[in-house]
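Q: Turn this into a model:
(2 chains)
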Protein chains: 2
Amino acid sequence: MPRGTSAALLSLGLTVFAFSLGATRAQSNGADAVAALYSGSAERLIGAALEDDTGYRRLAYLSDRIGNRLSGSASLDRAIAWALSEMEKDGLDNVHKEKVMVPHWVRGEESLELLEPTERRVALLGLGDSVGTPPEGITAEVVVVHDFDELEALGEAKVKGKVVLYDAPFKTYGETVAYRVNGPSRAAKLGAVATLVRSITPVSLSTPHTGMLHYDPTQPKVPAAAITIEAASTLARMQERGERIRVRLRMGARMLEDAESANVIAEVRGRELPDEVVVLGGHIDSWDVGTGSSDDGGGILCSWEAVRLVKKLGLRPRRTLRVVLWTNEENGTRGAKAYREAHASEKHVLAIESDSGVARPFGFGMAKEASPKARERVSSIAPLLAGIGADRIGPNGGGADVEPLGKDGAPIMGLDVDETHYFDWHHTEADTFDKIDRLSFGRCVASMAVMGYVSADLP
Amino acid sequence: MPRGTSAALLSLGLTVFAFSLGATRAQSNGADAVAALYSGSAERLIGAALEDDTGYRRLAYLSDRIGNRLSGSASLDRAIAWALSEMEKDGLDNVHKEKVMVPHWVRGEESLELLEPTERRVALLGLGDSVGTPPEGITAEVVVVHDFDELEALGEAKVKGKVVLYDAPFKTYGETVAYRVNGPSRAAKLGAVATLVRSITPVSLSTPHTGMLHYDPTQPKVPAAAITIEAASTLARMQERGERIRVRLRMGARMLEDAESANVIAEVRGRELPDEVVVLGGHIDSWDVGTGSSDDGGGILCSWEAVRLVKKLGLRPRRTLRVVLWTNEENGTRGAKAYREAHASEKHVLAIESDSGVARPFGFGMAKEASPKARERVSSIAPLLAGIGADRIGPNGGGADVEPLGKDGAPIMGLDVDETHYFDWHHTEADTFDKIDRLSFGRCVASMAVMGYVSADLP
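A: The predicted structure follows:
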């Protein structure tokens, strides 16, 4: 039994043991057949991914020279133009962009001053989609809560007219991010005039993390910003000591008219079934801080590089292997929606998203809704990646940009990587190229290339 | 043989094995005698240090409410006044301040803009004592070097008129800090108009680190600032790609007239030999970023709390046990010099400095110049700290504030703590109270209290 199948089996858990065992036997036979057909091309793709620096250097260029690229920004336009131009140089097929109108949120100037019990400037990052404050700012007392229960217990009497700070320690991103996403409207419902949130991260060196909020349309929109772990815990201690806390929050954030942007697409056209498509991709936009190297420069470059290497090695699969650089994942996922609409008539055999960084890959997580047949197919391919330790097929996965395809019935997966440090610099000034490990990036490219190519070529 | 003596012996190395063995026997006898006399009071002090939150809470207050306290700042004055007032409340003897005139450097407004090959704001912190730029800033090309050899190899032809960036990876603080301290004048000697230095730290989340520079009086003074690891490596990659790099550096830094400050002193007066003194201390000033919680709020609070607990437990040693909060360690060590002059007539039996943070303590490092007798004495006391793992007496140690006493012949030591993360936030906005571990802080207090009290009381 190949190691990857075993790992997948374990992660499915004992409750589905009997089913998995059956599936595993089939996979094992399938894997033997796949290995017989594809071990040679897989080895070539892995070797090329680990040796060829093109994608890694492009990620450095995107980071250093183009920088961050929020929807509506000139730098996102430059990134799109650059990617198209480079893809043409790569000799890929059908290089083009597909227009998408995207939200155009701008941060503007922003500042947070602690006025009481002592005066101090506090580092902050406004949250994406937040409304701004009046020009003179909002000056109010702060009340600190550690979770939603504390907020509700305080009630309108103690929240009205206040700035609510959510000082919730990081558990998991999925769990703790609720304070950033839903915190503003939940506080506004009780009369809060603004909200602050402790940055969604396990560690900090005085580093605020931005990210989206979601306003409940039934509640007033209040300005919302993230502050550092350091500042949040300082305010929490002040409250514990019984000190009155007052701040002045100024945010110039505002939403402009929708801007024109685009998804970027390139292919190695299928030699037999060109209308059946395997998609690899990530998102080309980023937040407006740092250089979006891990989120999601790495994802677009490992997808693109995988397709480039298939082309470069002269491999032309039966079906079309496509790279898609979606726009506007961070604050709207308009790119994903537009792609789904524009390509509704095609058959998506598989769609793989890379949007969790490009640290060491373990394999892929496949959406739990995927059919047993689709799961069997990718499980038969995964053992080709055992040599680089990326042969695990996890019980769930996907990503915001492939989800619409999943809803239409396509099997979707996410590249599964070591996320130990991903949230340390996620959505911060520290998301820069120095955080990218060359070998891990190469393994991500190899994983995408082998899974993508073989999926597109399987008889 | 007590464990602490064994560790000290190992750290002295095999070359002095025969000597150490002789010394160890004497220490071992000495340690037995010390244990017989002091194990009871040591246990009480350790217990109190681990249970009593007073010092820990005061460190939180100093951090949160007074904040950073650069020489000449109003917040340093507030810290001094607060410490004196609290020490009076503690009922300590001879609570007073001793006037010290200190340099008054102010940072002013500062900014760094990358102009070519792309436009971007770059985070920076001017270096302490740096001169400023003209109001319009200095606009020049950047040349990146990784060490002084590269700088010298470039020579005046390639350095003149440029901004030199030292992109030297962190090895040890002692080794790498040379680029911050001596880099400006070494570049100025070749005609550089300003210098930048990669922050002296092993890790970064886009966090610049300030600190002192030293101008060579024979060279022109050029403005100097630290940038983040992220920014330094970005500029280095630009140079590797052959891209022209231009920046505009603006710094409003300037040196004002000397300001009045003070050392803060309090004691438990000796019952038999009050003019023989054991000093525990750290520095009350800090850089003008973060809240100086580790550097050196922790050092002053663990010294002060040690003396307070001796008093609180009703222990009155033969000799005087004194806490000194030196001023101006960071940019002048004027406090240390003034203390030495003012107290030249006293006999300093021992002086212990805590200025490496208050993470888990391992024991003490004793200056290599200390007499065998002084080393024997502290080595006989150290085993009392074996229960908290702080019984090591290292072969060297001290600190900038006790060095002048050492030069006058006093035995000096530094509290030896785990420095694994100290330089992660040293001299940054991230040096805040959340980095202080309660248990480790308590162990530091216990170490200072036991070593201080027993040294002051030994017959």
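Q: Run through the residues that contact residue A:453.
A: A:41, A:45, A:306, A:310, A:315, A:317, A:321 (C-beta atoms under 8 Å, 6 or more residues apart in numbering or on different chains). For glycine as for every other residue, the C-beta is placed from the backbone atoms N, C-alpha and C.
Q: need the residues you listed in TSV with distance to residue B:155 and neighbour count, can you?
A: Output for the contacts of residue A:453, formatted as TSV (distance: C-beta to C-beta, whole Å; neighbours: other C-beta atoms under 10 Å in any protein chain shown):
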residue	distance to residue B:155	neighbour count
A:41	52	20
A:45	47	29
A:306	46	28
A:310	49	28
A:315	51	18
A:317	56	23
A:321	53	31
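Q: So what does residue A:359 have for phi and psi?
A: Main-chain dihedrals, residue A:359, degrees, to the nearest 10: phi -80, psi -180.
Q: if we can go back for a sec, which ones among the contacts of residue A:453 lie within helices?
A: A:41, A:45, A:306, A:310 (DSSP state H).
Q: which residue packs closest to the second one, ignoring adjacent ones?
A: Nearest residue to residue A:45, sequence neighbours excluded (C-beta to C-beta, 6 or more residues apart in numbering or on different chains): residue A:449, at 4.3 Å.
Q: How is the one you found classified with respect to secondary structure?
A: helix (DSSP: H, G, I helix; E, B strand; the rest coil).
Q: unless I'm mixing things up, it is touching residue A:52, no?
A: No: between residue A:449 and residue A:52 there is no contact under C-beta atoms under 8 Å: 10.7 Å.
Q: Which one of these two is surrounded by more residues?
A: residue A:449 (30 against 16; other C-beta atoms under 10 Å in any protein chain shown).
Q: okay, among the ones in helices among the contacts of residue A:453, which ones form the most distant pair?
A: Distance extremes for the ones in helices among the contacts of residue A:453: the farthest pair is A:41 and A:306 at 12.8 Å, using C-beta to C-beta.
Q: Check which residues of stretch A:356-373 are buried.
A: Residues of stretch A:356-373 classed as buried by neighbour count (16 or more other C-beta atoms under 10 Å in any protein chain shown): A:356-367, A:370.
Q: next one: stretch A:346-357
A: A:346, A:348, A:349, A:350, A:351, A:352, A:353, A:354, A:355, A:356, A:357.
Q: Can you give me the first-to-last residue distance of it?
A: Stretch A:346-357 has its terminal residues 29 Å apart, counting by C-alpha to C-alpha, to the nearest Å.
Q: Also stretch A:161-175?
A: Stretch A:161-175 end-to-end distance (C-alpha to C-alpha) = 27 Å.
Q: what's that stretch in contact with?
A: A:138, A:140-147, A:151, A:176, A:179-180, A:183, A:187, A:191-198, A:200-202, A:227, A:232-233, A:235-236, A:247, A:249, A:423, A:426.
Q: do the same with stretch A:337-351
A: So stretch A:337-351 is contacted by A:98-100, A:263, A:275-279, A:281, A:319, A:324, A:326, A:374, A:377-378, A:401-402, A:404-406, A:408, A:410-413, A:452, A:455-456 (C-beta under 8 Å, 6+ apart).
Q: Residue A:281 contacts residue A:325, correct?
A: Yes: Residue A:281 is within contact range of residue A:325, at 6.3 Å (criterion: C-beta under 8 Å).
Q: Same drill for these two, tell me which one is more crowded.
A: Per other C-beta under 10 Å, whichever of residue A:281 and residue A:325 has more neighbours is residue A:281, with 32 against 28.
Q: Who's the closest spatial neighbour of the more buried one, skipping the chain neighbours?
A: Per C-beta to C-beta, 6+ apart, closest to residue A:281 is residue A:324, 3.7 Å.
Q: Buried among the contacts of stretch A:337-351? Make that a PyMOL selection.
A: Here is the PyMOL command that selects the buried residues among the contacts of stretch A:337-351 (16+ other C-beta under 10 Å):
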select buried, chain A and resi 98+100+263+276+277+278+279+281+319+324+326+374+377+378+401+402+404+405+406+410+411+412+413+452+455+456
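Q: Could you list the contact residues of chain A toward chain B?
A: For chain A, the residues in contact with chain B (C-beta under 8 Å from any C-beta of the partner chain) are A:60-61, A:63-67, A:117-118, A:120, A:123, A:203-207, A:229-230, A:233-234, A:237-238, A:241, A:243, A:290, A:424-425, A:428-430, A:432-434.
Q: which one in chain A is furthest away from the centre?
A: Distance from the centre of chain A peaks at residue A:242, with 40.2 Å (C-alpha atoms, centre = their mean).
Q: Buried ones only from the contacts of stretch A:161-175, please, as a ChimeraX command.
A: In ChimeraX, this line selects whichever of the contacts of stretch A:161-175 come out buried by 16+ other C-beta under 10 Å:
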select /A:138,140,142,143,144,145,146,151,176,179,180,183,187,191,192,193,194,195,196,197,198,200,201,227,232,233,235,236,247,249,423,426
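Q: Contact partners for the residue most central in space within chain A?
A: Nearest to the mean C-alpha position of chain A, by C-alpha atoms, centre = their mean, lies residue A:355 at 3.7 Å. Counting by C-beta under 8 Å, 6+ apart, residue A:355 makes contact with A:282, A:283, A:295, A:296, A:299, A:329, A:399, A:400, A:401, A:414.
Q: isn't the second one right up against residue A:296?
A: Yes: proximity of residue A:283 to residue A:296 meets the contact threshold set by C-beta under 8 Å, at 4.7 Å.
Q: which residues do the two both contact?
A: Going by C-beta under 8 Å, 6+ apart, residues that sit against residue A:283 and also against residue A:296 are A:329, A:355.
Q: Overlap of the contact sets of residue A:449 and residue A:52?
A: Common neighbours of residue A:449 and residue A:52 (C-beta under 8 Å, 6+ apart) are A:305, A:309.
Q: Which segments of chain A make up each domain?
A: A:3-104+A:257-457, A:108-252 (automatic domain parsing).
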